[in-house]
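The sequence isn't on hand, but the structure is:
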């Protein structure tokens, strides 16, 4: 049974997102010489993440910003300018206020999009999987395979495969992280990742190769990860997706519901 969402639960879900990104980037940062240029810095209750060697907003973002952090904004903006990284702030409604949003606008920032955060009880995520689909744990020597499916599934350039393999393999020894591969009739079809900490399981990255979409692969990956989450006695399972996307629809069909929709803010 899904618990009624409170501000306290919403903040706990938000913190679990931060914990997952911090765990991932801290592990990458620990690689010899910090080749990806990872920097993590706290500004009040907000955490600023920078990955100089990983372009785009996925890892270059500020999470956990609240109305109590308004005085930190100049420092945050300067921090990203120093690293020549475009600023992106993810604003959760439970942590926001009119004063915070007005201040963001006064600093020359604007809202650029929305992102849904879903949650539920892992006990509710139970369903049948098409017999043609199998999902198993990824082996420690399969991260080249993982990276290949990742870039094909997300439509990314192939030259970044080595970095993706390395940046995920470093997480493999950590108990918090689990990796999965899905197949359709024995053909490699997609990947999924699960992060568990402090009683919350997060459905992390999941991708299906284009030629094997609409066969139930994403659904099967959700159910397999939910099963493992139940086995580890988590309280909640969460996931993120673009607003009203296919991924979001699949999670809702299986029993997750929207906790909140984040506002994505950045430079004008």
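Right, received. Where do you want to start? Quick caveat, the model's predicted, so the values are computed rather than measured.

so what secondary structure elements neighbour the least confident helix or strand in the chain by mean pLDDT?
Within the chain, confidence by mean pLDDT, DSSP states H and E is lowest for helix 246-253 among all helices and strands, at a mean of 92. Judged by 3 or more CB pairs under 8 Å, 6 or more residues apart in numbering; DSSP states H and E, helix 246-253 is in contact with strand 109-120, helix 217-231, strand 236-242. Every C-beta, even on glycine, is put in place using the N, C-alpha and C of the backbone.

Just the angle for that helix relative to helix 217-231, thanks.
Angle of helix 246-253 versus helix 217-231, following axes from the mean of the first three to the mean of the last three CA atoms, to 10 degrees, is 50 degrees.

Can you list the buried residues in helix 246-253?
247-248, 250-252 (16 or more other CB atoms under 10 Å).

quick one on the thing from earlier: who wins for proximity to residue 85 among the helices and strands packed on helix 246-253?
Closest to residue 85 of these is strand 109-120 (CB to CB; 14.3 Å).

Tell me where this structure has helices.
7-29, 73-82, 98-106, 143-154, 161-169, 217-231, 246-253 (DSSP state H).

wait, which of the ones you listed is closest to residue 133?
Nearest to residue 133, of the helices of the chain and by CB to CB, is helix 217-231 at 4.6 Å.

what residues does that closest one touch?
122-123, 125-127, 129-130, 133, 135, 178, 180, 182, 184, 189-192, 194, 196, 201, 203, 206, 208, 237, 239, 246-247, 250-251, 253-254 (CB atoms under 8 Å, 6 or more residues apart in numbering).

returning to that earlier point: tabulate the helices of the chain in JSON lines, adding columns for distance to residue 55.
Below are the helices of the chain laid out as JSON lines (distance: least, CB to CB, whole Å):
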{"stretch": "helix 7-29", "distance to residue 55": "14"}
{"stretch": "helix 73-82", "distance to residue 55": "14"}
{"stretch": "helix 98-106", "distance to residue 55": "23"}
{"stretch": "helix 143-154", "distance to residue 55": "14"}
{"stretch": "helix 161-169", "distance to residue 55": "11"}
{"stretch": "helix 217-231", "distance to residue 55": "26"}
{"stretch": "helix 246-253", "distance to residue 55": "22"}
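
which outside residues touch stretch 17-33?
In contact with stretch 17-33 (CB under 8 Å, 6+ apart) are residues 36, 38-40, 47, 49, 51, 59, 61, 63-64, 117, 166-167, 170-171, 174, 176-177, 195, 197-198, 202, 204, 238, 240.

Look at residue 1 and report its pLDDT.
At residue 1, the model reports a pLDDT of 62.

Going forward, count from 30.
Yep, numbering from 30; the last one is residue 30 now.
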